[in-house]
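Trainee: My questions are about this predicted structure, shown below with the sequence.
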Amino acid sequence: MAVRRATEGVGRVLLEEVQRWGGMKQTGVGLRHMMEFGSHPTERKLMQSAQFLHKELPIRIARRVVELDDLPFGLSDKHAVLKVRDWYLDSFRDLRSFPDIRDASDELAFTDMIGMIMVRHKDVVPTMALGVQQLKKDLRPKAASSDLEEIQNFLDRFYLSRIGIRMLIGQHVALHDSDAEPGCVGQINSKMSPIHVAQIASEDARAVCMRAYGDAPDVNIYGDPNFTFPYVASHLHLMMFELVKNSLRAVQERYVNSDRDAPPVRIIVADGEEDVTIKISDEGGGIPRSGLSKLFTYLYSTAEAPQYEYHNKVNNGVTMAGYGYGLPISRLYARYFGGDLQIISMEGYGTDAYLHLSRPGDSQEPLP
């Protein structure tokens, strides 16, 4: 485990502490609890939140360090993965060296420190992607899917944990924001309009498509513009941007040399009792049935060249093309609050993506 691969300059005492904390039990938090707790962020509540994070964050981070040190196929030894491991070790060290939080001054200092942790970890997704890309080059051409399942499961756990860590830190930091929009409780918009988020995400995705191809299909959005529900707008934007971007790319590439006008991408928002469901439909030619099982793996992409885009609208994520991470990470964001993402395709015609967002908000974090 972690002690096995101690890199130069990392003390045995620190690694043993990582092992100890990595074996502790995590505590999940639900969307509804975050809203109720943060609705009136008094000094006492901010102290309680900081004290919880002071204990919880080292556990979650330590678990990731332990896993990063024991990956198959030599993935742990890739330079990019070692860099990510060092970021997590640095953050664990910072959290464990921070003294107990006893007053408002301690709480503010702690808030500044965890804000710096978010900055330190902002490039984790593309950096891990580079490590996995390097591994793909080293693996034999037809590595058995069962051989890669362990890496797939690790990456699901790793990125789901990252979503949770950034949600907890971002929520605490945002509770200090005196300029928050009306109806926002930290990062959670209690009256989020999915139509509005879909419009912004579509505009951003069309801008990317315009830059890449010089043109972009239209996006038509259907649903009640007055409908709102509690959700994290940045999470929905990330998922919508990725799905619409994929659809735009498929349609644009299919019709680039056609005499026909490219058909629009259609977004439908449905308000159900259990879920809010958003369907993104395109006529981009669809995906062969043999390819559907690969869509949510991290070792597959339909894009030719690896590239990634940072989006200022998405405050805690990277949306990428070429690494094959957009869809699996979008599904993790959906599942984080009890939803899901499904892809149904008709080869020769187009693809429908169904994004299910859990309505009640009572689900606890799925803790990897």
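Mentor: Here it is on my side, so go on.

Trainee: and residue 232, bridged to which residues?
Mentor: Residues in a beta bridge with residue 232, per DSSP bridges, are residue 188.

Trainee: Can you give me every residue that contacts it?
Mentor: Residue 232 makes contact with 31, 167, 187-189, 192, 337, according to CB atoms under 8 Å, 6 or more residues apart in numbering. C-beta coordinates here come from the backbone N, C-alpha and C atoms, glycine included.

Trainee: which of these sit farthest apart?
Mentor: 167 and 192 (15.2 Å; CB to CB).

Trainee: I'd like to know which elements the top helix by length along the chain is packed against.
Mentor: Ranked by residue count under DSSP state H, the longest helix found in the chain is helix 145-174. Applying 3 or more CB pairs under 8 Å, 6 or more residues apart in numbering; DSSP states H and E, we find helix 145-174 packed against helix 43-68, helix 104-120, helix 124-138, helix 326-336.

Trainee: can you rerun that using 7 Å?
Mentor: helix 43-68, helix 104-120, helix 326-336 (3 or more CB pairs under 7 Å, 6 or more residues apart in numbering; DSSP states H and E).

Trainee: ok so, going back, of all the contacts of residue 232, which comes closest to residue 287?
Mentor: Nearest to residue 287 among the contacts of residue 232: residue 337, at 26.8 Å, using CB to CB.

Trainee: Please name the nearest non-neighbouring residue to that closest one.
Mentor: residue 31 (5.2 Å; CB to CB, 6 or more residues apart in numbering).

Trainee: Return the residues in contact with residue 168.
Mentor: Counting by CB atoms under 7 Å, 6 or more residues apart in numbering, residue 168 touches 29, 53.

Trainee: Next one: it from residue 108, what distance?
Mentor: 17 Å (CB to CB, to the nearest Å).

Trainee: likewise residue 91?
Mentor: 19 Å.

Trainee: if you count what's nearby, which of these two comes out ahead?
Mentor: When neighbours are counted by other CB atoms under 10 Å, residue 91 and residue 108 differ, and residue 91 comes out ahead with 24 against 14.

Trainee: isn't the more buried one right up against residue 117?
Mentor: Yes - judged on CB atoms under 7 Å, residue 91 makes contact with residue 117 at a distance of 4.7 Å.

Trainee: what does stretch 97-110 contact?
Mentor: For stretch 97-110, contacts defined as CB under 7 Å, 6+ apart pick out 43, 46-47, 50-51, 54, 113.

Trainee: now do the same end-to-end measure for it.
Mentor: 11 Å (CA to CA, to the nearest Å).

Trainee: Who are the contact partners of residue 249?
Mentor: Going by CB under 7 Å, 6+ apart, residue 249 touches residue 209.

Trainee: from now on call the first residue 46
Mentor: In the new count, where the first residue is 46, that last one comes out as residue 294.

Trainee: Which of the three states applies to it?
Mentor: Secondary structure state of residue 294, per DSSP: H, G, I helix; E, B strand; the rest coil, is helix.

Trainee: helix/strand/coil for the residue lying farthest from the centre of the chain?
Mentor: For the chain, the largest distance from the centre (CA atoms, centre = their mean) belongs to residue 304, which lies 38.6 Å off. Under three-state DSSP, the three-state class of residue 304 is coil.

Trainee: in the stretch 246-395 of the chain, what spans have low per-residue confidence?
Mentor: Counting by pLDDT under 70, the stretch 246-395 of the chain has low-confidence residues at 345-369.

Trainee: Run through the strands of it in chain order.
Mentor: Here the stretch 246-395 of the chain has its strands, by DSSP state E, counting those that start in this stretch, at 264-267, 274-277, 310-316, 320-327, 352-355, 363-366, 385-391, 395-403.

Trainee: Buried residues in the first one, which are they?
Mentor: Neighbour-count burial for strand 264-267 flags 264, 266 (criterion: 16 or more other CB atoms under 10 Å).

Trainee: Packing partners of that strand?
Mentor: Packing partners of strand 264-267 (3+ CB pairs under 7 Å, 6+ apart): helix 239-258, strand 310-316.

Trainee: can you pull the buried residues of the first one?
Mentor: Judged by neighbour count using 16+ other CB under 10 Å, the buried positions of helix 239-258 are 239-240, 242-244, 246-247, 249-251, 253-254, 257.

Trainee: which of the residues you listed lies closest to residue 225?
Mentor: residue 242 (17.0 Å).

Trainee: shouldn't that closest one be in contact with residue 282?
Mentor: Yes - taking CB under 7 Å as the contact criterion, residue 242 and residue 282 are neighbours in contact, 5.5 Å apart.

Trainee: one step back: out of the buried residues of helix 239-258, which is nearest to residue 171?
Mentor: Lowest distance from residue 171 to the buried residues of helix 239-258 (CB to CB) belongs to residue 253, with 16.1 Å.

Trainee: How about that closest one, nearest residue that isn't a chain neighbour?
Mentor: With CB to CB, 6+ apart as the criterion, residue 253 has its nearest non-adjacent residue at 5.9 Å, and that residue is residue 290.

Trainee: again, but for residue 309
Mentor: Residue 309's closest residue in space is residue 263 (CB to CB, 6+ apart), at 4.0 Å.

Trainee: Give me the phi and psi for that neighbour.
Mentor: Backbone torsions for residue 263, taken as degrees, to the nearest 10, come to phi -70, psi 160.

Trainee: follow-up on the earlier one: report the angle between the longest helix of the chain and helix 88-113.
Mentor: 160 degrees (axes from the mean of the first three to the mean of the last three CA atoms, to 10 degrees).

Trainee: now helix 190-219, how far from the centre of its chain.
Mentor: 8 Å (CA atoms, centre = their mean, to the nearest Å).

Trainee: Contacts for the next helix-or-strand element following that helix, please.
Mentor: Per DSSP states H and E, the first helix or strand lying C-terminal to helix 190-219 is strand 229-230. Applying CB under 7 Å, 6+ apart, the contact partners of strand 229-230 are 80, 83-84.
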